[in-house]
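In: I would like the atomic coordinates for the input below:
(chains A and B)
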Amino acid sequence: EAQVTQNPRYLITVTGKKLTVTCSQNMNHEYMSWYRQDPGLGLRQIYYSMNVEVTDKGDVPEGYKVSRKEKRNFPLILESPSPNQTSLYFCASSLRGLENSPLHFGNGTRLTVT
Amino acid sequence: TQLLEQSPQFLSIQEGENLTVYCNSSSVFSSLQWYRQEPGEGPVLLVTVVTGGEVKKLKRLTFQFGDARKDSSLHITAAQPGDTGLYLCAGRLNTGNQFYFGTGTSLTVIP
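Out: Numbering: from 1, shown residues only, chains lettered A, B, ... in the order given. Model (predicted):
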């Protein structure tokens, strides 16, 4: 089944403790992206990747890191999480970063930083 | 400030009523997409509009892209409880590869 898989679905952590949220897609998509979703703000792009070894900042990249060493994986790293990073995170992929390529989303990771 | 503003933010209507959701920007987009998101899941694409003035229909849903490609609307005819969800518009500017999402419209259709 074609899908985007994120793990974990829920994560509670403390300020400053490094964490990684994994994202994997099995559709051979070139484009992958991370978003955070907060009430009243819709989805805001954190980072995106047009292809392997190519990553770019989105609207809200501060406090996050990403890597794209393989086509299928695009992990999101929080080196020193803070409470303002408490949010619902979505990974998405598309065949290419073109206007007619639909984004396929994972089911989300709900992160709480205390 | 969000690049794409949606209105209304919340909408609660009775089954069978019609409704329109708006997605507005001061920027020109090369295309706009509409997604629907249900609780506990990621957004799912409904439609992509590419040409200014374009109208697309998907059963009871009608999508329109503004002539100037700065805005879009989603009209639902005879809403059903299954239409309940969060509706998001999203688009890409003429330059760059970022997808910008709207602020979202949460729709509840009461049986």
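In: From here on, just use CA atoms for contacts and neighbour counts.
Out: Will do.
In: mind listing what's buried in stretch B:16-29?
Out: By neighbour count, and taking 16 or more other C-alpha atoms under 10 Å in any protein chain shown as the criterion, the buried residues in stretch B:16-29 are B:19, B:21-25, B:29.
In: ok, the residue lying closest to A:Ser24 once chain neighbours are set aside - contacts?
Out: Spatially, and ignoring its direct neighbours in sequence, A:Ser24 is nearest to A:Asn73 (4.5 Å; C-alpha to C-alpha, 6 or more residues apart in numbering or on different chains). Contacts for A:Asn73 were tallied using C-alpha atoms under 8 Å, 6 or more residues apart in numbering or on different chains; they are A:22-25.
In: again, only this time at 7 Å
Out: With contacts defined as C-alpha atoms under 7 Å, 6 or more residues apart in numbering or on different chains, the neighbours of A:Asn73 are A:23-25.
In: ok, back up a step: for the buried residues of stretch B:16-29, work out which two are farthest apart.
Out: Spatial extent of the buried residues of stretch B:16-29 (C-alpha to C-alpha) is set by the pair B:Leu19 and B:Phe29 at 24.1 Å.
In: helix/strand/coil for the residue of chain B found nearest chain A?
Out: Here chain B gets closest to chain A at one residue, B:Thr103, 4.0 Å apart by C-alpha to the nearest C-alpha. When states are read from DSSP: H, G, I helix; E, B strand; the rest coil, the local structure at B:Thr103 comes out as coil.
In: about what we covered before: next one, pLDDT for the residue nearest to A:Ser24 please.
Out: A:Asn73 carries a pLDDT value of 98.
In: same question, the one 10 residues further on
Out: Turning to A:Pro83, the model gives it a pLDDT of 97.
In: quick one: it and chain B, what's the gap?
Out: 22 Å (C-alpha to the nearest C-alpha, to the nearest Å).
In: Now do the same contact list for A:Glu1.
Out: When contacts are counted by C-alpha under 7 Å, 6+ apart, A:Glu1 touches no other residue.
In: ugh, wrong one, B:Val55
Out: Taking C-alpha under 7 Å, 6+ apart, we find B:Val55 in contact with B:62-65.
In: which one of the residues you listed is nearest A:Val66?
Out: Nearest to A:Val66 among these is B:Phe65, at 33.9 Å by C-alpha to C-alpha.
In: check which helix or strand covers the closest residue in space to that closest one that isn't next to it in sequence.
Out: When the adjacent residues along the chain are set aside, B:Phe65 lies closest to B:Ser72, with 4.5 Å between them (C-alpha to C-alpha, 6+ apart). Remark: B:Ser72 resides in strand B:71-76, with elements defined by DSSP states H and E.
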